[in-house]
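Undergrad: structure here, sequence nowhere to be found:
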């Protein structure tokens, strides 16, 4: 784990086994569904729509990164920056 003092952001390198990766991928799907529903229900109140869009984008990025690097069925090593997966590699 490293800390960037200029931005105040922590960068973490994390290793996850294959079973936990599958669980995490499905949890990101749940977050995407909830954000999409919140955006739809709150479409008339723009802060809700913007927030839901940001959350949906975050979950979509993290889920697609994990799906891409876990295709081999092995665990993954990922680099996370402020909750956003910046790089993902199969172990």
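TA: Structure received. This is a predicted model, so every value here is computed, not measured.
Undergrad: contact partners for the residue nearest to residue 4 when sequence neighbours are not counted?
TA: Here the nearest residue to residue 4 in space, its sequence neighbours aside, is residue 11; by C-beta to C-beta, 6 or more residues apart in numbering that works out to 6.8 Å. Glycine gets a C-beta too; all of them are placed from N, C-alpha and C. Residue 11 sits next to 1-4, 79-81, 86 when contact means C-beta atoms under 8 Å, 6 or more residues apart in numbering.
Undergrad: may I ask which two of these are separated the most?
TA: Farthest pair in those (C-beta to C-beta) is 3 and 86. Separation: 15.1 Å.
Undergrad: more neighbours, the two?
TA: When neighbours are counted by other C-beta atoms under 10 Å, residue 86 comes out ahead of the other of residue 3 and residue 86, with 13 against 10.
Undergrad: tell me which residue lies farthest from the centre of the chain.
TA: Here the chain reaches farthest from its C-alpha mean at residue 44, the gap being 26.6 Å by C-alpha atoms, centre = their mean.
Undergrad: need the strands for this structure, in chain order.
TA: Ranges of strands in the chain, per DSSP state E, are 2-4, 9-16, 76-81, 84-90.
Undergrad: mind checking these for the one nearest to residue 58?
TA: strand 84-90 (6.5 Å).
Undergrad: show me what that closest one is packed up against.
TA: In terms of contact count using 3 or more C-beta pairs under 8 Å, 6 or more residues apart in numbering; DSSP states H and E, strand 84-90 is assigned the packing partners helix 46-69, strand 76-81.
Undergrad: contact partners of it?
TA: Contacting residues not belonging to strand 84-90 are listed as 11, 58, 61-62, 65-66, 68-72, 74-80 [C-beta under 8 Å, 6+ apart].
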